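Q: need a structure here:
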Amino acid sequence: MTTRAARALLSVLAACGAPVAVGGCGGHQATGGPLVAPNGHGWAMSQPVGFEFTDGLETLHLNGERPATLRKVELVGSHGLELLGVALVKPGRDVGTVQEIDGWPARDRHINPSDVVSPGIGATFTPARGNPLGQSYELLVGMKVVRAGYLVRDGLRITYAVNGTSYTRYFPAQLTVCTSARFEKHGSCPFPDG
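A: Alright, predicted model coming up:
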């Protein structure tokens, strides 16, 4: 296998969440680590081109004893959705997560503005078991619908660091957006066929 083919294979495996360790110019980067990926899940909505919103469904459940630093959040498999930004909501909140919030940055009655860590990239988050109420940090992902169609985000790829080691973790968090009734079935935006 050529070097180019091997790199392409590693990219595909990493994008799909497969366990792959990748070395690069920035030092060692490993897949996984103490951040726990959720079980596969998804949701759908209908919104027009230009609509900005916040996906607040995910949490950063960190195991272990050491804090982590959020390095990057990427949309995986998404065409037509643009990443606007990332923020975190501290533990101790009354509502665990707020699935969808109109607009970015997120403003919602269930989120105390003083509990929002923004920007989220570069922020530190701590292991769940030492947090108030045993909660994890809520991840707020700002997005914009930039293209018409039936749009599907397969998931999120989270890059973070613990004690000098960088990790990636794939979240199988599907999001489907229909930009008009033309892409809906029976009056709602359907999930992709299995």
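
Q: now do the phi/psi pair for the residue sitting nearest the centre point of the chain.
A: By C-alpha atoms, centre = their mean, the chain has its centre lying nearest to residue 156, at 4.0 Å. Backbone geometry at residue 156, expressed as degrees, to the nearest 10, gives phi -130, psi 140.

Q: quick one, what contacts the closest residue to it other than its chain neighbours?
A: Closest residue to residue 156 apart from its sequence neighbours, by C-beta to C-beta, 6 or more residues apart in numbering: residue 171 at 4.3 Å. The way it works is simple: take the backbone N, C-alpha and C, and place the C-beta from them, glycine included. Counting by C-beta atoms under 8 Å, 6 or more residues apart in numbering, residue 171 makes contact with 37-38, 58, 155-158.

Q: do the same with residue 50
A: Contacts of residue 50 (C-beta under 8 Å, 6+ apart): 144-146.

Q: any chance of TSV for the residues you listed, columns distance to residue 89, pLDDT and secondary structure?
A: As requested, the contacts of residue 50 are exported to TSV (distance: C-beta to C-beta, whole Å; pLDDT from 0 to 100; DSSP: H, G, I helix; E, B strand; the rest coil):
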residue	distance to residue 89	pLDDT	secondary structure
144	20	97	strand
145	23	97	strand
146	25	97	coil
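
Q: which of these has the most neighbours?
A: residue 145 (21 neighbours; other C-beta atoms under 10 Å).

Q: looking at it, that residue is touching residue 48, isn't it?
A: Yes: contact criterion C-beta atoms under 8 Å: residue 145 and residue 48 qualify, at 6.9 Å.

Q: shared neighbours, the two?
A: With contacts taken as C-beta under 8 Å, 6+ apart, the residues that reach both residue 145 and residue 48 are residue 179.

Q: so what's the residue nearest to the centre of the chain bridging to?
A: Using DSSP bridges, the bridge partners assigned to residue 156 are residue 75, residue 171.
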